[in-house]
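>>> how would this look folded up:
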Amino acid sequence: MLQMIRMLIALAAALIAAPTLAAPIQVASPGGVLTVSVDVNPDGRPGYSVSRLGRVVIAPSRLGFLFTDAPKLERNFTIGGESRRSADEPWEQPWGERRFVCNRYNELRIQLTEKVTPGRRLDVVFRVYDDGVGFRYEFPQQASLPQVNIAEEITEFAVADAATAWWIPAFQWNREEYLYNKTAITEVGIAQTPMTLRTANGLHIAFHEAALVDYSGMNLQNEGHGRFRAVLTPSSEGAKVKRAAPFATPWRTMQIADSAAGLVMNDLILNLNEPNRLGDVRWVKPFKYVGVWWEMHLDKSTWGPGPRHGANTANVRRHIDFAASNGFRGVLVEGWNEGWNDDWFASGKDFSFTKAYPDFDIEELARYARSKGVRLIGHHETAGNIAVYEPQLEAALDLYQRLGIDAVKTGYVADMGGVQARGADGRIHYEWHEGQVMARHHLKVVTEAAKRRIAVNAHEPIKDTGLRRTYPNWVAREGARGMEFNAWGQPPNPPEHEANLVFTRMLAGPMDFTPGVISLEGKGQKIQSTIAKQLALYVVLYSPIQMAADLPENYEANPKPFQFIKDVPADWSETRVLNGEVGDFVTIARKDRKSENWYLGAITDEQGRVLDVALSFLTPGRKYRAQIYRDGPAADYRTNGKDIVIEERVVTSADRLMLQLAPGGGQAIRFVASER
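Here you go, the predicted model:
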């Protein structure tokens with residue numbers, strides 16, 4: 001008995017002597033929907049978790065860093081302090097899916113300090129919204145870590161419940177241009193972001209990042225049991241990120257909603273970016289355009305010089321006339337400049353961005369376009385060789401400014417790890433499209449273009465992380481499998497592809513998908529769509545620049561469906577997602593920023609559907625003429641995609657419409673408001 005008493009006394013003494021863990025520090029969203037908990041475990045490892053309405057959504061997940069030249073920053077921490085603030089900062093977009101954005105959150109800043117030498121410090125900042133969470137690391141200026149050389153983050157996202165994931169692979173040769181996988185989260189490999197999940201209880205979560213500036217892009221590696229770890233895009237220099245303190249990382253983001261539609265209505269990515277730095281940006285004009293582009297993908301003409309060169313003066317003049325006659329502001333011309341030889345894809349070393357081929361009179365065409373109320377859209381394909389492009393950048397943009405060309409499409413066609421950049425040592429290094437070098441490069445292009453009032457639309461880009469808020473001339477980009485795969489892709493884009501994009505890639509920001517191929521003809525293969533779906537894509541897939549991608553003669557042969565493409569705007573004051581499921585279907589309504597008219601687009605996958613839609617988004621007490629472009633009774637993407645019915649009826653906000661979508665089909669509606 002005495003021995004037992006001694007053991008109990010010893011145990012009690014040990015418990016008294018053992019360090020006690022402080023309770024987690026918590027911050028809730030303004031409406032109390034989401035709660036973030038932050039703590040440090042007995043080993044001094046910091047972590048966080050996220051709960052929604054009392055239920056854990058993200059289980060305890062680690063935070064920290066590995067360095068190439070210093071001990072890891074991952075354990076032996078204590079919480080040295082905390083601070084909080086709240087914000088309710090609505091703001092106005094100069095252009096966008098909606099005019100006004102609500103930015104309401106609660107913020108928690110945690111100061112982490114190492115308990116051992118060298119006693120380094122790291123701050124972690126959480127912003128908690130009712131529909132999402134963003135957090136980032138901030139490295140303060142400190143003698144113990146003046147230069148930060150990051151080998152990897154130890155950032156985790158531990159999904160608490162079983163879930164289905166929609167994702168594309170990272171570190172593959174074709175950048176972001178892949179069809180989406182739909183798997184259990186246990187079957188995800190290394191995924192690019194955004195990656196979208198639907199948990200077993202129906203909750204939707206999208207993982208991404210915001211404000212990717214002077215840093216390496218984040219990917220997500222499956223660690224098993226629902227746990228994902230951040231994996232940064234590689235660099236040729238060893239360390240994936242090299243920065244001098246003080247600096248902040250991009251925000252790591254989780255958009256969280258009850259429904260797929262809720263994800264699309266979420267403004268988290270935009271809100272986590274800094275406000276506009278360019279001042280008055282009324283010169284940034286949303287617009288629609290045509291171009292010398294689809295014909296090259298069909299092999300009717302070539303980018304390079306020769307007898308079938310597409311960028312010749314006569315052909316471009318014809319496109320300018322077509323644009324002017326049909327109300328399009330822009331004409332894109334690819335292949336106009338020297339360097340489009342047989343070797344351009346391999347190296348890009350011969351590109352000149354100021355010298356036109358002899359059969360392309362850029363001075364005369366720019367003048368002729370302006371005389372017709374049209375602007376040429378510049379094109380800078382680099383083949384991923386920024387070592388050739390950057391020394392010419394300012395002169396190339398000066399040329400466009402002088403000619404009145406106020407938008408440029410840039411391109412970086414190169415395989416993974418194939419970007420050629422000149423390093424500080426003066427040598428050529430091979431980099432990745434989403435590495436730190438390219439994050440710096442894209443902002444260099446955007447800021448130089450802004451000095452000359454030129455908008456930028458990047459293809460084969462770095463991912464979109466909402467920087468259009470800070471730099472509103474960064475109007476769009478590609479960054480996904482676009483329309484050109486319908487010309488020659490094997491396979492072409494399947495009917496579900498666009499319904500995947502809405503809830504994955506499009507959560508990052510606008511995409512220059514280039515819709516509107518109403519001929520439904522690729523290069524010897526049919527597009528897996530109906531005409532009505534091609535029209536609906538102008539509403540469903542948001543971009544402030546929208547291309548009418550088909551050949552002019554195909555529009556001239558189909559004037560009735562073409563009318564919708566001519567009518568639909570590219571700038572909106574309001575957006576409503578009326579229904580939708582990832583990869584299956586979606587219906588979106590948007591209000592024109594310049595009128596009281598509304599537009600609706602609905603698309604489906606390979607399944608035909610009937611969708612019941614309430615028109616309550618229309619202004620009560622007002623009548624509208626609904627100009628309807630719908631799949632015909634025989635429409636089917638496999639057999640008769642061209643069957644379309646165009647009709648009109650009068651509706652009000654009290655009405656409902658039954659949208660009947662054919663397999664691979666869609667429906668587009670223009671609601672023209674009556675005078676009060």
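>>> how far does stretch 345-353 stretch from start to finish?
End-to-end distance for stretch 345-353: 16 Å, by C-alpha to C-alpha, to the nearest Å.
>>> Name the residues of the helix or strand where residue 450 lies that come out as buried.
Using DSSP states H and E, residue 450 sits in helix 436-451. If you call a residue buried by 16 or more other C-beta atoms under 10 Å, then helix 436-451 has these buried ones: 436, 437, 438, 439, 441, 442, 443, 445, 446, 448, 449, 450. C-beta here means a position set from N, CA and C on the backbone, and glycine is covered the same way.
>>> Can you name the next helix or strand after that helix?
strand 455-459.
>>> helices or strands next to the next helix-or-strand element following that following strand in the packing?
Proceeding N to C from strand 455-459, the next assigned helix or strand is strand 474-477, under DSSP H and E. For strand 474-477, the elements it packs on are strand 455-459, judged by 3 or more C-beta pairs under 8 Å, 6 or more residues apart in numbering; DSSP states H and E.
>>> Note down every partner strand of the strand it packs on and its orientation.
Paired strands of strand 455-459, with direction, are strand 407-411 (parallel), strand 474-477 (parallel) (DSSP bridges).
>>> Checking residue 323 next. Helix, strand or coil?
helix (DSSP: H, G, I helix; E, B strand; the rest coil).
>>> which residues sit in contact with it?
The neighbours of residue 323, taking C-beta atoms under 8 Å, 6 or more residues apart in numbering as the test, are 289, 290, 329, 330, 331, 372, 374.
>>> now with 7 Å?
Contacts here follow C-beta atoms under 7 Å, 6 or more residues apart in numbering; on that basis residue 323 touches 290, 331, 374.
>>> before we move on, back to that, contacts made by the helix holding residue 450 with the rest, please.
Contacts for helix 436-451 (C-beta under 7 Å, 6+ apart): 212-216, 235, 241, 278, 386, 393-394, 397, 408, 410, 419, 421, 431, 456, 458, 461-462, 471, 473-474.
>>> In PyMOL, how would I select the buried members of these?
Here is the PyMOL command that selects the buried residues among the contacts of helix 436-451 (16+ other C-beta under 10 Å):
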select buried, resi 212+213+214+215+216+235+241+278+386+393+397+408+410+419+421+431+456+458+461+462+471+473+474
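>>> May I ask which helix or strand encompasses residue 82?
strand 77-88.
>>> That strand pairs with which strands, and in what direction?
Sheet pairing here is set by DSSP bridges, and for strand 77-88 it gives strand 104-114 (antiparallel).
>>> and the next element down the chain from the partner strand?
strand 121-129.
>>> Around residue 593, how many other residues sit close by?
Other residues within reach of residue 593, judged by other C-beta atoms under 10 Å, total 17.
>>> And it, how far from residue 549?
23 Å (C-beta to C-beta, to the nearest Å).
>>> what's the answer for residue 365, then?
Separation of residue 365 from residue 549 (C-beta to C-beta): 20 Å.
>>> So which of those two has more stuff around it?
residue 549 (26 against 23).
>>> host element of that one?
Applying DSSP H and E, one finds residue 549 in no helix or strand.
>>> Does it touch residue 295 like I think?
No - Residue 549 is beyond contact range of residue 295, at 10.3 Å (criterion: C-beta atoms under 7 Å).
>>> Contacts only, for residue 665.
Neighbours of residue 665 in contact, by C-beta under 7 Å, 6+ apart: 530, 532, 533, 604, 631, 635, 637.
>>> Can you report how many residues lie near the third one?
Right, the one you point to is residue 533. The burial count for residue 533: 32, using other C-beta under 10 Å.
>>> Dig out what residue 647 forms beta bridges with.
residue 628.
>>> quick one on the thing from earlier: nearest to residue 165, out of the strands paired with strand 455-459?
strand 474-477 (23.6 Å; C-beta to C-beta).
>>> how about the helices in the protein?
Assigned by DSSP state H, the chain shows helices spanning 2-17, 260-264, 268-271, 294-297, 313-326, 362-371, 386-389, 393-403, 436-451, 485-488, 497-501, 531-540, 552-556, 559-567.
>>> can you list the residues that contact stretch 651-659?
Contacts of stretch 651-659 (C-beta under 7 Å, 6+ apart): 587, 602, 610-616, 618-620, 622-624, 626, 667.
>>> I am finished for the moment; much appreciated.
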